[in-house]
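[1] starting from these lines, generate the structure:
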Amino acid sequence: MFARQQVSREVFRVSRSPQPRNEMRLGERSDFAREWLKDAQIHQENQKVFSAFFSGYIALVAAATQIAADEGAFRQYANQSDEHLEREAIEFAMNAYAVSIDEFVKSAEGANAVLMLRRREAPEGEVFKMIGSVSDPELTKAASRLYSLWSQLAASTKSDEDVTSQALNLATVFRKVRNRLFHGGKMNDPQGTDADLLERLNRILFGVVEKLIIH
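    Next up is the predicted model:
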């Protein structure tokens, strides 16, 4: 897990030298994202859902920082902390690609993925419980909003505001789940309720990353 944290941090480093060593230039991040997405999909096929999520999340960060760089937004916060930069880049990219993300959600693959997540039986009767035993109001609110947007009625009547809300709440869920997995010691629950969540959430994460990767 430490190695994956190190890789995630490398994504944020901006090259300042003509021939950087051990650094990734902004223009290289799309290929990096593709590699990690492929790695995530292999882990998912092998039912290693925790590893699949981490690889998928690294792909998400790489794709998001590439988009932020292309749009000139990256350097507005490039000197801030890694965690803040991570959040800003993901939110920027997913907001910018909100319509594309909604296209995935409406596709047959996406609709099936969100239905699987909505039908998940949360432990202890907590409908929106996502990771671990500690309450997280921001995560609960984001998940609740997504579940509402993915109802049969809402799916066919989404406004432009709903489409944006969907993208930003998904960004919150991905980031919060990542934080709670890194800091919550959940890697020892391969067959538990967190594994069940990730098996379903990963399908949505992968679909979003595919929309964000610059082709």
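
[2] for the rest of this, base every contact and every neighbour count on C-alpha atoms.
    Noted.

[3] let me know the pLDDT of residue 177.
    In this model, residue 177 is scored at 89, pLDDT.

[4] so it, which state does it fall into?
    helix (DSSP: H, G, I helix; E, B strand; the rest coil).

[5] what about it, how many neighbours?
    21 (other C-alpha atoms under 10 Å).

[6] go on, residue 111?
    16.

[7] any idea which element the nearest residue to it once chain neighbours are set aside lies in?
    Counting by C-alpha to C-alpha, 6 or more residues apart in numbering, residue 105 is the residue found nearest to residue 111 once chain neighbours are left out, at 5.4 Å. In this assignment (DSSP states H and E), residue 105 forms part of helix 98-106.

[8] pLDDT of the helix or strand following that helix, averaged?
    Where DSSP H and E defines the elements, the next helix or strand beyond helix 98-106 is helix 108-118. Averaged across helix 108-118, the pLDDT comes to 92.

[9] and residue 159, how far from residue 208?
    19 Å (C-alpha to C-alpha, to the nearest Å).

[10] by how many degrees do the helix holding residue 105 and helix 108-118 diverge?
    80 degrees (axes from the mean of the first three to the mean of the last three C-alpha atoms, to 10 degrees).

[11] in what helix or strand does the residue minimising distance to the centre of the chain lie?
    With distances taken as C-alpha atoms, centre = their mean, residue 174 lies nearest the centre of the chain, 3.9 Å away. Using DSSP H and E, residue 174 maps to helix 160-184.

[12] who are the packing partners of that helix?
    Other helices and strands packing on helix 160-184, by 3 or more C-alpha pairs under 8 Å, 6 or more residues apart in numbering; DSSP states H and E, are helix 49-70, helix 82-96, helix 98-106, helix 137-149.
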